[in-house]
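Enquirer: next come a sequence and a model predicted from it.
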There are 2 protein chains.
Amino acid sequence: MTHSILLNGAWIASEATQTFQAANPATEETLPGVFPVSPWSEIDKVIQAAADAAKEMRGWPGNRFAEFLDTYADEIEARTDELVAAANAETGLPVSPRLKDGELPRTTNQLRQAAEAARTDSWRCPTIDTAAGIRAMFGPIGPVVVFGPNNFPFAFNGIAGGDFAAAIAAGNPVIAKGHSCHPETTRIFAEAALAAIEKTNMPKALVQLVYRTSHEDGYKLVSDSRVGASGYTGARHTGLKLKAAADAAGKPMYLELSSINPVFILEGALNERADAIADDFTGSCLMGTGQFCTNPGLVVVPANDAGNGFVKSVAEKFGAAAVGTMLSEGVRTSFAAGVETLQKAGVEVVAGGQAGGGTGVSFNNTLMIVGGSRFLEDPEVFQTETFGNGSLVVLADDVAQMMAIAESLEGNLTGCVYSDTEGSDDDSYATIEPALRTRVGRLLNDKMPTGVAVSAAMNHGGPFPSTGHPGFTAVGVPAALTRFGMLQCYDNIRPERLPVVLLDRNRNAAWRRIDGNWSKADVG
Amino acid sequence: MTHSILLNGAWIASEATQTFQAANPATEETLPGVFPVSPWSEIDKVIQAAADAAKEMRGWPGNRFAEFLDTYADEIEARTDELVAAANAETGLPVSPRLKDGELPRTTNQLRQAAEAARTDSWRCPTIDTAAGIRAMFGPIGPVVVFGPNNFPFAFNGIAGGDFAAAIAAGNPVIAKGHSCHPETTRIFAEAALAAIEKTNMPKALVQLVYRTSHEDGYKLVSDSRVGASGYTGARHTGLKLKAAADAAGKPMYLELSSINPVFILEGALNERADAIADDFTGSCLMGTGQFCTNPGLVVVPANDAGNGFVKSVAEKFGAAAVGTMLSEGVRTSFAAGVETLQKAGVEVVAGGQAGGGTGVSFNNTLMIVGGSRFLEDPEVFQTETFGNGSLVVLADDVAQMMAIAESLEGNLTGCVYSDTEGSDDDSYATIEPALRTRVGRLLNDKMPTGVAVSAAMNHGGPFPSTGHPGFTAVGVPAALTRFGMLQCYDNIRPERLPVVLLDRNRNAAWRRIDGNWSKADVG
């Protein structure tokens, strides 16, 4: 029996002629659920229902969306065991602490933070010019399509994750495109979302779900005139094709694509605390079998005894560490292809390099090295992403070469520098930092990049091709919400016709910029 | 003698094999200056110099850019007579009040507002999370290419206008692409900019100028890997081709394209003050010979005596008003083609409709009408832009049809509703407003859209295809600046390595968001 899709508040038998099943990567067995590849005819109905819902919700106050998000978070928590079991079966990610104690609370936390932003209107950036009689704020952009990735079945799921929460909090319906690796997890979320819709009397099409589409229908979906914007987290190749379709139609699309997250470890830092850094790096690189967007995939160290010692130490730790289960055979195939590309380009494998070593779909923890001069001869190929439990160490002749490597980097989500605490690395830091700063969204000191705090100051974004635009972040409230807003200016509008947050009286105590000053006060 | 281009602080003889000359639209005579169409070899040098300047300026404090902008504004004022004379000859726009008393002061005001934003770091949106140890702000995006339009030789000039000021204030070098209709005006600005660069010791390539490129080289320019972003104001056809090139390379490009700026005039308003509204509309539509981005090109009125009376009154006023000089033969050709397209689609011309009637390049003030049902049969063709002194009136059967017309509109910069002051139009307003609101960047009441105040609350932007992204405005400080910024997050960065605006001590008294609250205070 093929699972139904969630269309306008009802579970509808799909018209699909094609279906798919997920696999359990730990057992390498096909899972029983059969899910549809939706044809355009039903995607079209989903879009129309979303467009109608967007129309119905025009001008609705933020607390309506906040109530839904809070209720949805409660519904998710009530289904914790079911969600965790499904996600564990579909992704191989450990039940605890990862899924149950880490990712699920993070997901409900994100939903509740987004609810709070919606309730207080803090994301709208209300701006009032009393002398000119002009007021402005962000309003909803229209139906948002969210494509979730394979690696976070909860926190980035198209129907429950960060983009979802941001789009709803900004007042938009969401069309969720589940990831094909975890459809059952996504289905349970959809049930919870529907329950929350009903409990909070929201339009039935506030949240809809299609499990999968053809590539062509994906392009049609993100470029449809009834859609406001899209969010995508996943592989670069697919993301860029979707972006091209959306761009051609003038539809904003926010992407989080590949990133190798360079880490520069300066000589003084190695002399001071090489072991601690090696532990730090090993933990960060192998956590979640390395399947994080912010996994440190490129490490630059000095080509001297300290650097060589670091490589030796990490290689030993990689060999000694447990080998995790990968998310899918597709991930392993891509990882193996990446390692092969790097080997052909001249890297040396100093740990791992072969499939296997763990339960089910796995690949031995893999450490590779290459000289700095060789890297600079072909920086593009040496930036090939190996998404998984592997990393490439570049041995740089000197600080000038480290700087040249930094200048050769593509846009990345993160970049990190480890330096000593006594000041001997300060000149090197000052040399490398400006180049690195312009190429990464988040710069770190003495800390691995894998933790992405849900903070207003977080930037989970970066220059192309790590994302599609360097001015936006996918994580962090309120910034993540404004991606799904349109700027709405009110010029000489009669007071009784203004949105609540732009009235003289500041009913929800929102932060507003009044004549150049931020304030929670009333106007006048 | 072909004019030189401004490359890295020097006036360099162009390698051009092609040249062009502007024309005086009032006399229809070719102007004497001969300007180059720069080949790629010299554009490439310009880009490289800009990239080097961007590198040199990494981390520079905002006050350096503020000093330049202020000095540049002074230099422009010192050359007022020269600039006004050149612009008058090249555009036919009146010396006074338009050029000398309106557009020039607006231009220097924009430069000084941008300087103030740079000086105070107010545009950076500094965000501090003390608990997480994460801080973020906007930093420069890299070299910015600015394409100015034909219709504002000062206030939107690629080398002096709003995009220029915003890009510089955000800490970026600018590569200005002058408009081919006013190269001499642009050349004088470049001299003033160079003088300001020298007086403030800025990198020579902070501001560079090419007068014209081939279409293909334009696409290469906006998609070059060394460029950070581009701004474009002008015709839709050209803008979309540039956007496609920039999008494919992952380069942000901000566009201000066509807009017909719909105006809905409700029945009660006509009954109350038809004459005043007809005056208001006529003034707005014919101002600057209608060559404003925010010109009211579509007016929807009731198909009854009040609406017919309004049309009759406006037609008389159009006939009685002076016919202005258009910016160029190209503008007249496009305008005539637009009128022809509309006529073929079934509009009736009730005033004008023929070339001539004024000094030099001119076209009689043109008013057209069409029925609401006919409009809705083919809304796309009836939204053909006629950039110039003309407008289309739609006679709508009832409020439901007005609403349907609103729902059929493309994205526009502005949308306006006139209603009576006694409340008889309130229900109609409530019907039409939600549809109009989602389709325009700036909503107005009882006011024509042509005035674009330089206000923090202004949105000179709107949904596609009026611009490329509904979340951005080209006018208004600080919002216009953030377009040319990248989001830079600092995670666990040692305090001495933070940018000044993110330090605990708030040296420049910038507005910062600290743990969710906006403040000018120090941290802790």
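Expert: Ah, there it is.

Enquirer: identify each buried residue in the helix or strand encompassing A:G239, please.
Expert: For A:G239, the host element (DSSP states H and E) is helix A:236-248. Within helix A:236-248, the residues scored as buried using 16 or more other Cβ atoms under 10 Å in any protein chain shown are A:239-240, A:242-247. Bear in mind the C-beta positions are built from the backbone N, C-alpha and C, glycine included.

Enquirer: just these that are near chain B?
Expert: By Cβ under 8 Å from any Cβ of the partner chain, the members of the buried residues of helix A:236-248 lying near chain B are A:243-244, A:247.

Enquirer: which residues of the stretch 1-150 of chain A lie near chain B?
Expert: Counting by Cβ under 8 Å from any Cβ, the residues of the stretch 1-150 of chain A close to chain B are A:55, A:58-59, A:122, A:127-129, A:132, A:134-136, A:138-139, A:141-142.

Enquirer: do any residues in stretch A:371-386 lie close to chain B?
Expert: No - with Cβ under 8 Å from any Cβ as the criterion, chain B is not reached by stretch A:371-386; the gap is at least 11.4 Å.

Enquirer: do the same with stretch A:517-524
Expert: Yes - residues of stretch A:517-524 contacting chain B under Cβ under 8 Å from any Cβ: A:517-519.

Enquirer: can I get that stretch as CSV, trimmed to CA atoms?
Expert: Provided in CSV are the C-alpha atoms of stretch A:517-524 (Å, rounded to 0.1, in the frame of the first residue of the first chain):
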residue,chain,number,x,y,z
ASN,A,517,16.5,54.9,17.3
TRP,A,518,15.5,51.4,18.4
SER,A,519,12.8,51.4,21.0
LYS,A,520,9.9,49.5,22.6
ALA,A,521,8.1,52.7,23.3
ASP,A,522,5.0,54.0,21.7
VAL,A,523,5.3,56.7,19.0
GLY,A,524,4.8,60.3,20.2
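
Enquirer: would you mind pulling the contact partners of that stretch?
Expert: Here stretch A:517-524 makes contact (Cβ atoms under 8 Å, 6 or more residues apart in numbering or on different chains) with A:128, A:130, A:504-506, A:509-514, B:511, B:518-519.

Enquirer: could you redo the last one with a cut-off of 10 Å?
Expert: Stretch A:517-524 is contacted by residues A:120, A:127-128, A:130, A:135, A:502-515, B:122, B:511-513, B:517-520 when judged by Cβ atoms under 10 Å, 6 or more residues apart in numbering or on different chains.

Enquirer: what packs against the helix or strand immediately after the helix holding A:G239 in the chain?
Expert: Next in sequence after helix A:236-248, counting helices and strands by DSSP H and E, comes strand A:253-256. Packed against strand A:253-256 by the contact rule (3 or more Cβ pairs under 10 Å, 6 or more residues apart in numbering or on different chains; DSSP states H and E) you find strand A:144-147, helix A:162-169, strand A:229-233, helix A:236-248.

Enquirer: so which of these is nearest B:E316?
Expert: When the helices and strands packed on strand A:253-256 are compared by Cβ to Cβ, helix A:236-248 sits nearest B:E316, at 44.9 Å.

Enquirer: give me the angle between the closest one and helix B:236-248.
Expert: 170 degrees (axes from the mean of the first three to the mean of the last three Cα atoms, to 10 degrees).

Enquirer: now do helix A:236-248 against strand A:229-233, angle only.
Expert: 170 degrees.

Enquirer: measure stretch A:28-42 end to end?
Expert: Start-to-end span of stretch A:28-42 (Cα to Cα, to the nearest Å) is 32 Å.

Enquirer: how about the strands in the stretch 1-150 of chain A?
Expert: Along the stretch 1-150 of chain A, counting by DSSP state E, counting those that start in this stretch, strands occupy A:5-7, A:10-12, A:18-20, A:23-24, A:29-30, A:35-37, A:127-129, A:134-140, A:144-147.

Enquirer: sorry, wrong one. I was asking about the stretch 251-400 of chain A.
Expert: Taking DSSP E, counting those that start in this stretch as the test, the strands found in the stretch 251-400 of chain A are A:253-256, A:262-265, A:298-302, A:348-351, A:366-371, A:390-396.

Enquirer: turn those strands into CSV, including mean neighbour count, distance to A:H460 and mean pLDDT.
Expert: Converted to CSV, the strands of the stretch 251-400 of chain A look like this (neighbours: other Cβ atoms under 10 Å in any protein chain shown; distance: least, Cβ to Cβ, whole Å; pLDDT from 0 to 100):
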stretch, mean neighbour count, distance to A:H460, mean pLDDT
strand A:253-256, 26, 7, 97
strand A:262-265, 27, 16, 98
strand A:298-302, 26, 18, 98
strand A:348-351, 18, 29, 98
strand A:366-371, 23, 26, 98
strand A:390-396, 26, 20, 98
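
Enquirer: and of these, who's closest to A:A86?
Expert: Ranking the strands of the stretch 251-400 of chain A by proximity to A:A86 (Cβ to Cβ) places strand A:253-256 first, at 23.8 Å.

Enquirer: now the closest one: how far from the chain's centre is it?
Expert: 9 Å (Cα atoms, centre = their mean, to the nearest Å).

Enquirer: helix or strand: which one has A:V417?
Expert: Counting by DSSP H and E, A:V417 is part of strand A:412-418.

Enquirer: who does that strand pair up with?
Expert: Strands that pair with strand A:412-418, judged by DSSP bridges, come out as strand A:262-265 (parallel), strand A:440-445 (parallel).

Enquirer: output the contacting helices and strands for the next helix or strand after the last one.
Expert: Read that as strand A:440-445. Using DSSP H and E, the helix or strand that follows strand A:440-445 in sequence is helix A:479-482. For helix A:479-482, the elements it packs on are helix A:104-120, helix A:162-169, judged by 3+ Cβ pairs under 10 Å, 6+ apart.

Enquirer: state the next helix or strand along the chain beyond helix A:479-482.
Expert: Remark: after helix A:479-482, the chain's next helix or strand is strand A:485-491, criterion DSSP H and E.

Enquirer: mean confidence for that following strand?
Expert: The average of the pLDDT scores along strand A:485-491 is 98.

Enquirer: what about it, near chain B?
Expert: Yes - Strand A:485-491 reaches chain B (Cβ under 10 Å from any Cβ of the partner chain) through A:485-491.

Enquirer: quick one: contacts for the closest residue to A:E103 other than its chain neighbours?
Expert: Residue nearest to A:E103 in three dimensions, not counting chain neighbours: A:F154, with 4.5 Å by Cβ to Cβ, 6 or more residues apart in numbering or on different chains. When contacts are counted by Cβ under 10 Å, 6+ apart, A:F154 touches A:76, A:83-84, A:87, A:91, A:93, A:98-100, A:102-108, A:110, A:148, A:160-161, A:182, A:185, A:189.

Enquirer: A:F154 belongs to a helix, doesn't it?
Expert: No - looking at A:F154 with DSSP: H, G, I helix; E, B strand; the rest coil, it is coil, so not inside a helix.

Enquirer: returning to that earlier point: just checking, what packs against the helix holding A:G239?
Expert: strand A:144-147, helix A:215-223, strand A:229-233, strand A:253-256, helix B:236-248.

Enquirer: need the ones you listed in CSV (columns: distance to B:E42).
Expert: Shown next, in CSV, are these (distance: least, Cβ to Cβ, whole Å):
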stretch, distance to B:E42
strand A:144-147, 43
helix A:215-223, 37
strand A:229-233, 39
strand A:253-256, 34
helix B:236-248, 19
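
Enquirer: checking A:N201 next. Helix, strand or coil?
Expert: Quick answer, by three-state DSSP: A:N201 is coil.

Enquirer: that one against A:F68, yeah?
Expert: Yes - A:N201 is within contact range of A:F68, at 9.1 Å (criterion: Cβ atoms under 10 Å).

Enquirer: between those two, tell me which one has more neighbours.
Expert: Taking neighbours as other Cβ atoms under 10 Å in any protein chain shown, A:N201 and A:F68 compare with A:F68 leading, 24 against 9.
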